[in-house]
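**Student:** Got a sequence here, can you build the structure:
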Amino acid sequence: MKLLALLLLVVATYGVSAQCSAPTGLSTLNITATTGTASWEPVSGATSYNVDYKLASSPDWITIANGTTSLVWTIGGMDPTTSYDWRVRANCTSGSSSYTQAQFTTGAIGSCSVPGGLYASNIASSTATLNWSSVSGAFAYTVEYKPVSSGTWITATSGTYGLSVNLYSLSANTTYDWRVYSNCSLTEGSNYSNGQFTTSGSTPPPPSSACPGPYDVSTNGTISGAAAISVNTDVKGTIAPKYDIDYYKFTISSYGTINVWLTTLPGNYDLAVFNSSGAQIGLSKNKGTRNETVSLSVGAGIYYAKVYPAGAANSATSCYTLKVQTITATRVITTATPVTATAAKENVNPNFAINLFPNPAGDQLNVWVEGVQKKTAIKVYNLMGKLVMQQESGNTLTQLNISKLSSGFYLVKVNDGKEIRTAKFIRQ
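**Tutor:** Numbering: from 1, shown residues only. Model prediction:
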């Protein structure tokens, strides 16, 4: 009796830590073909919540909220007419609750229409602008072009939200075919729309067209001696003698997407791009004399392009052409973000973004992560939601060997421990 009385006295004096209850009232709101909003009731004593989701057919859960104070969370980047599970648990001072789970199915998406309204504008001897009309439900567009005499298509952009793209380094008095298709989901794309245009006659070349040009200077063998070049301008240079390396410095004035082109190659030359800290953020290494291109989403600042040979390739008489092409386009990422102002303030890092290149990709995919100062978990999923690759990285640029993946669409998810950014790519 004395022991029971003592226990009752302790409870009356100090209280007993309440068990952390599992969330209730789960519902999924605002379901579309690719998104849905998870919602649940508050748990007494809870300080935060963890939210995961997965394909109903997959055993692997993906964390999309880790310690959020919100009671709703939007899930994005899903496939149409597909069943998904999501679960939530409460975190209390006494510990965490068990998970409560719910399921929903995304809606269907209409047929992905072919872009219309194709026309070319601003046609000159070496440049042109390609334009098309928007397609309802499209999240991006892919544009390709080629001379009518060629059987090989050149990708101008492989995932732009914009409705136009600029072409550079065209040949004068030449007729070009071009085509565009819309992407409406990870698995659904339209047929091509086709157009054609002819460049005007050649104009007297500017002094910089000399081979080599004025920017291929003796000091540009190192990044510190790189010559400053203008964007959207042809830069001529040579790789000579053997093992020569050329660096060029360029400035981007505002955030956007850029293409760095290396064309008219007399030998097997490669291209790399670096940020102002000297960290490599882009790389293109095609075989032979194929053009090299690096597509990046960059902020305002100073960047460097490096032209270098593969092995002993060189030519003292034939020039390569380097051009930094600025493009107005939104990065192609799908982000899971909280929908309340409080949660957004506490959990969303507006600088956390990812970019995948080249896209479509061959045996190597470059994953560029910005706005994160710690290690991230990079995971690759196939169309069935199965995890096919994963890798941790603390670098801005991570190169994934995807040579063992079959051709098709894939989804990359990058997790910094609190938030996830996703982007899609095509394995050729």
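**Student:** which residues of the stretch 1-150 of the chain fall in helices?
**Tutor:** Secondary structure of the stretch 1-150 of the chain, counting by DSSP state H, counting those that start in this stretch: helices at 2-14.
**Student:** That one: strands as residue ranges?
**Tutor:** For the stretch 1-150 of the chain, the strands defined by DSSP state E, counting those that start in this stretch cover 27-29, 36-39, 46-55, 62-68, 72-75, 83-92, 95-96, 100-105, 119-121, 128-131, 140-147.
**Student:** could you dump those strands to CSV with mean pLDDT?
**Tutor:** CSV is the format used below for the strands of the stretch 1-150 of the chain (pLDDT from 0 to 100):
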stretch, mean pLDDT
strand 27-29, 84
strand 36-39, 85
strand 46-55, 93
strand 62-68, 87
strand 72-75, 84
strand 83-92, 94
strand 95-96, 93
strand 100-105, 91
strand 119-121, 88
strand 128-131, 90
strand 140-147, 87
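**Student:** Figure out which of these is closest to residue 227.
**Tutor:** strand 128-131 (28.2 Å; Cβ to Cβ). To be clear about C-beta, it is placed using only N, CA and C from the backbone, and glycine gets the same treatment.
**Student:** Could you list the domains of the chain?
**Tutor:** Segmentation of the chain into domains, based on automatic domain parsing, reads 18-108, 119-198, 207-327, 348-428.
**Student:** As JSON lines, these with mean neighbour count would be great.
**Tutor:** Shown next, in JSON lines, are the domains of the chain (neighbours: other Cβ atoms under 10 Å):
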{"stretch": "domain 18-108", "mean neighbour count": "17"}
{"stretch": "domain 119-198", "mean neighbour count": "17"}
{"stretch": "domain 207-327", "mean neighbour count": "17"}
{"stretch": "domain 348-428", "mean neighbour count": "17"}
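**Student:** beta partners of the most centrally placed residue in the chain?
**Tutor:** Nearest residue to the geometric centre of the chain (Cα atoms, centre = their mean): residue 355, 2.7 Å. Taking DSSP bridges as the rule, residue 355 bridges to residue 368.
**Student:** Please, where are all the strands along the stretch 151-300 of the chain?
**Tutor:** Under DSSP E, counting those that start in this stretch, the stretch 151-300 of the chain gives strands at 154-160, 164-167, 175-183, 193-198, 227-228, 235-239, 246-252, 256-263, 269-274, 280-284, 292-298.
**Student:** Which of those has the lowest mean pLDDT?
**Tutor:** Ranked by mean pLDDT, the strands of the stretch 151-300 of the chain end with strand 154-160 in last place, scoring a mean of 77.
**Student:** tell me which strands and helices that strand is in contact with?
**Tutor:** Contacts defined by 3 or more Cβ pairs under 8 Å, 6 or more residues apart in numbering; DSSP states H and E place strand 154-160 against strand 140-147, strand 164-167.
**Student:** chain center to the last one, what's the gap?
**Tutor:** Relative to its chain's centre, strand 164-167 lies at 19 Å (Cα atoms, centre = their mean, to the nearest Å).
**Student:** Residues touching that strand, excluding its own?
**Tutor:** By Cβ atoms under 8 Å, 6 or more residues apart in numbering, the surrounding residues in contact with strand 164-167 are 122, 127-132, 143, 145, 156-157, 176, 325, 327.
**Student:** can you do 7 Å?
**Tutor:** Under the contact criterion Cβ atoms under 7 Å, 6 or more residues apart in numbering, strand 164-167 has outside partners 127-131, 143, 145, 156-157, 325, 327.
**Student:** what's the most distant pair in those residues?
**Tutor:** Top of the distance list for the contacts of strand 164-167 (Cβ to Cβ): 131 and 325, 16.7 Å.
**Student:** is it true that residue 257 touches residue 294?
**Tutor:** No. Taking contacts as Cβ atoms under 7 Å, residue 257 lies outside contact range of residue 294: 11.1 Å.
**Student:** Return the alpha-carbon coordinates of stretch 275-287 using PDB.
**Tutor:** Provided in PDB are the C-alpha atoms of stretch 275-287 (Å, rounded to 0.1, in the frame of the first residue of the first chain):
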ATOM      1  CA  ASN A 275      32.000  28.400 -62.100                       C
ATOM      2  CA  SER A 276      33.800  31.400 -60.600                       C
ATOM      3  CA  SER A 277      35.300  29.100 -57.900                       C
ATOM      4  CA  GLY A 278      36.900  26.900 -60.500                       C
ATOM      5  CA  ALA A 279      34.500  24.000 -59.800                       C
ATOM      6  CA  GLN A 280      33.400  22.000 -62.900                       C
ATOM      7  CA  ILE A 281      29.700  22.300 -63.500                       C
ATOM      8  CA  GLY A 282      29.400  21.000 -67.100                       C
ATOM      9  CA  LEU A 283      31.100  18.500 -69.400                       C
ATOM     10  CA  SER A 284      30.700  17.300 -73.000                       C
ATOM     11  CA  LYS A 285      33.000  14.600 -74.400                       C
ATOM     12  CA  ASN A 286      31.700  13.200 -77.700                       C
ATOM     13  CA  LYS A 287      33.900  11.100 -79.900                       C
END
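**Student:** okay, how far is it across stretch 245-262, tip to tip?
**Tutor:** 14 Å (Cα to Cα, to the nearest Å).
**Student:** Residue 361 contacts residue 402, correct?
**Tutor:** Yes. Counting by Cβ under 7 Å, residue 361 touches residue 402, with 6.3 Å between them.
**Student:** is it true that residue 419 touches residue 353?
**Tutor:** No. Applying Cβ under 7 Å as the test, residue 419 and residue 353 come out as separate, 10.8 Å apart.
**Student:** Poorly predicted segments of the stretch 301-428 of the chain, please.
**Tutor:** Residue ranges of the stretch 301-428 of the chain with pLDDT under 70: 327-348, 350, 359.
**Student:** for residue 312, what are its contacts?
**Tutor:** Contacts for residue 312 (Cβ under 7 Å, 6+ apart) come out as 242-243.
**Student:** Also residue 130?
**Tutor:** Residues in contact with residue 130 (Cβ under 7 Å, 6+ apart) are 120, 143, 164-165, 167, 178.
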